[in-house]
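In: Give me a 3D structure for the following:
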Amino acid sequence: MTALWIAHVEVLDAEAYGTYARLAGPAIAAHGGVFLARGGRYVQLEGNDRARNVVARFPSVEDAVSCYNSAAYQEALSHARGASVRDLVVVEETPAA
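Out: Alright, predicted model coming up:
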């Protein structure tokens, strides 16, 4: 089953976060991740508003978690720490009916 990696982000340091984004993209792709949404237009209906929203599809929950734990992604993430406030969740997709 495919899985969605969903991040809601408030960027505090655009330069450092830009480094994260530049490094994270290839790490995500290396684990089969494909971006579906990346910082585009959104409407906040409930909960905490975070101006940057990212959704990537992975082949499985395990692939998404493996990506997160990979050395390449952790290197990227080191640039986001302190440069952003983030919520990140991986959700298994429901099969199409």
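In: Residue 13 is in contact with residue 83, isn't it?
Out: Yes. Between residue 13 and residue 83 there is a contact under CB atoms under 8 Å: 3.8 Å. The C-beta positions use only the backbone N, C-alpha and C, and glycine is treated the same way.
In: neighbour count winner among the two?
Out: residue 83 (19 against 14; other CB atoms under 10 Å).
In: In this structure that one contacts residue 9, no?
Out: No. Contact between residue 83 and residue 9 fails when scored by CB under 8 Å: they sit 9.7 Å apart.
In: for the longest helix seen in the chain, the distance to its chain's centre please.
Out: Assignment by DSSP state H gives helix 14-30 as the longest helix of the chain. For helix 14-30, the separation from the chain centroid amounts to 10 Å (computed by CA atoms, centre = their mean, to the nearest Å).
In: Which parts of the protein are helices?
Out: Under DSSP H, the chain gives helices at 14-30, 61-69, 71-80.
In: Looking at those, spot the one closest to residue 89.
Out: helix 61-69 (9.8 Å; CB to CB).
In: what's the closest one in contact with?
Out: Helix 61-69 is contacted from outside by 1, 3, 5, 27-28, 30-33, 56, 58, 73, 88, 90, 92, using CB atoms under 8 Å, 6 or more residues apart in numbering.
In: swap in stretch 38-57?
Out: Applying CB under 8 Å, 6+ apart, the contact partners of stretch 38-57 are 2-11, 28, 33-37, 64, 85-87, 93.
In: which of these count as buried?
Out: 2-9, 11, 28, 33, 64, 86 (16 or more other CB atoms under 10 Å).
In: measure residue 57 to residue 17 for me?
Out: As judged by CB to CB, to the nearest Å, residue 57 and residue 17 stand 22 Å apart.
In: Looks like residue 85 contacts residue 10 (just checking).
Out: Yes. Here residue 85 reaches residue 10: they are 4.4 Å apart, a contact under CB under 8 Å.
In: quick one: low-confidence parts of the protein?
Out: Along the chain, no part satisfies pLDDT under 70.
In: try 80
Out: Within the chain, the stretches with pLDDT under 80 are 96-97.
In: can you tell me how far residue 88 sits from residue 95?
Out: With CB to CB as the criterion, residue 88 and residue 95 are 24 Å apart.
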